[in-house]
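S.K.: sequence and predicted model, in that order:
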Amino acid sequence: MRPVHLIAVLFAAGLSTSTIAQERRVPTQSELRLSYAPVVQHVAPAVVNVYAAKVVQNRNPLLDDPIFRRFFGVPGGPGGNQVQRSLGSGVIVDAGGLIVTNNHVIEGADEVKVSLADKREFEAILVLKDPRTDLAILRVKDGHERFPVLDFADSDALQVGDLVLAIGNPFGVGQTVTHGIVSALARTQVGVSDYQFFIQTDAAINPGNSGGALVDMTGKLVGINTAIFSRSGGSQGVGFAIPANMVKVVVASAKTGGKAVARPWLGAKLQAVTADIADSMGLKRPSGALIANVAPDSPAQHSRLAHLTDA
């Protein structure tokens, strides 16, 4: 269609040239200054870098042979020791210096240090670890100082599409902020732990982000970054975080002085309802869960027996 004819058609449709022009315009100065900076400024002081070190024996089989050591003049005693270091992130959740991080960041460590956003460093001690959720709770040794903290959000209220920020120390380059959305909820089969209820996000998460914060637009903690799905070792837009409501359970156990996390136990093994199962049971769609097994003398078994007795 020729340009003159196009304008005629637009006018006939009740559109003016000014309406067409409004589709493209120069953004105002206030629009150009839209930023996540206020959220970051609130959150960043409570996100720390976690440095863990452990001593491992560097054993060379040849050094165990006394003839070899005597021939080459090697001092007595097998092999030396080597210090292995790991780097991760953490979140301060209590003003007294209680820090949440991933268990795999500090697993087996002989020494743990945390570095704050203002570059101050403190030694930390392990208060509680929970391999099932891949969470660990540390406490800063200097208990006289009050630290900035992050408040917990209700992670059950998250929806797919919500904006989130991930803050941590990827690759040891220093505190870094990335943004994205909640890509999915209740992800399973992640392979990090047997806790099968992860938040998935496309906010860039890389090695070193483990234990860092995933926050919402109010600056509250919605999850602890724990894993990525990657074939290259770098971020490919599929990261996972442990929901804040699960983190709160572990933190509460640490605050009460517990050495293990107290969890409710059902005593039943569940499996997803597949399309074949739904068809065999006459269901319209494959949804829900099927009780595949009940443990002996478990709450699930007692509940079932009570139900049968009532019937």
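M.R.: All right, it came through fine.

S.K.: flag the shaky bits of the protein, pLDDT-wise.
M.R.: Low-confidence segments of the chain (pLDDT under 70): 1-22, 56-84, 143, 187-196, 227-237, 262-265, 304-311.

S.K.: how about 50 then?
M.R.: 4, 6-7, 9-11, 78, 193, 230, 308, 310-311 (pLDDT under 50).

S.K.: in it, which spans are helices?
M.R.: Using DSSP state H, the helices of the chain run over 3-12, 17-22, 29-32, 37-43, 66-72, 103-106, 244-255, 275-280, 299-310.

S.K.: the fourth one: which residues count as buried?
M.R.: For helix 37-43, the neighbour count (16 or more other CB atoms under 10 Å) marks Val39, Val40, Val43 as buried. Yep, even glycine has a C-beta here, placed from its N, CA and C like the rest.

S.K.: and stretch 131-147, by the same measure?
M.R.: Thr133, Asp134, Leu135, Ala136, Ile137, Leu138, Arg139, Val140, Phe147.

S.K.: out of everything not next to it in sequence, what's closest to the fifth one?
M.R.: Same thing as Ile137. With sequence-adjacent residues excluded and distances taken as CB to CB, 6 or more residues apart in numbering, Ile137 is closest to Ala254, at 4.0 Å.

S.K.: distance of that neighbour from Asn103?
M.R.: Ala254 sits 13 Å away from Asn103, going by CB to CB, to the nearest Å.

S.K.: at the geometric centre of this protein, which residue do we find?
M.R.: Centroid-nearest residue in the chain, with CA atoms, centre = their mean: Asn225, separated by 1.9 Å.

S.K.: now do it against Pro299, distance only.
M.R.: 33 Å.

S.K.: same check on Gly172?
M.R.: The gap separating Gly172 from Pro299 is 46 Å, by CB to CB.

S.K.: and the buried residues of stretch 131-147, which is closest to Asn49?
M.R.: Asn49 has its nearest neighbour among the buried residues of stretch 131-147 in Leu138, at 12.2 Å by CB to CB.

S.K.: touching, that closest one and Gly90? I think so.
M.R.: Yes. Shown here, Leu138 and Gly90 form a contact pair, counting by CB atoms under 8 Å, at 6.7 Å.

S.K.: so what sits against both of the two?
M.R.: Residues touching both Leu138 and Gly90 (CB atoms under 8 Å, 6 or more residues apart in numbering): Val50, Ile99, Val100, Thr101, Val114.

S.K.: Throw these into TSV and include neighbour count and distance to Asp276, thanks.
M.R.: Compiled in TSV, these are given as follows (neighbours: other CB atoms under 10 Å; distance: CB to CB, whole Å):
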residue	neighbour count	distance to Asp276
Val50	29	46
Ile99	28	47
Val100	27	41
Thr101	30	42
Val114	25	50
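
S.K.: with respect to Leu283, which of these is nearest?
M.R.: Using CB to CB, Val100 comes nearest to Leu283 of these, at 40.2 Å.

S.K.: separation between the closest one and Thr226?
M.R.: Separation of Val100 from Thr226 (CB to CB): 11 Å.

S.K.: same question, Ala295
M.R.: To Thr226, Ala295 is 28 Å away according to CB to CB.

S.K.: more crowded one of those two?
M.R.: Thr226 (30 against 13; other CB atoms under 10 Å).

S.K.: list the contacts of that one.
M.R.: Asn102, Asp134, Val192, Phe198, Ser210, Gly211, Phe240, Ala241, Ile242.

S.K.: mind running it again at 10 Å?
M.R.: The neighbourhood of Thr226, defined by CB atoms under 10 Å, 6 or more residues apart in numbering, consists of 88, 101-105, 133-135, 190, 192-193, 195, 198-199, 205, 209-212, 214, 239-242.

S.K.: rewinding a little: run a quick neighbour tally on the residue nearest to Ile137.
M.R.: Neighbour count for Ala254, taken as other CB under 10 Å: 24.

S.K.: measure the nearest residue to Leu221 once chain neighbours are set aside to Pro170 for me?
M.R.: Among residues not flanking Leu221 along the chain, Leu150 sits closest, at 4.5 Å (CB to CB, 6+ apart). Using CB to CB, Leu150 is found at 19 Å from Pro170.
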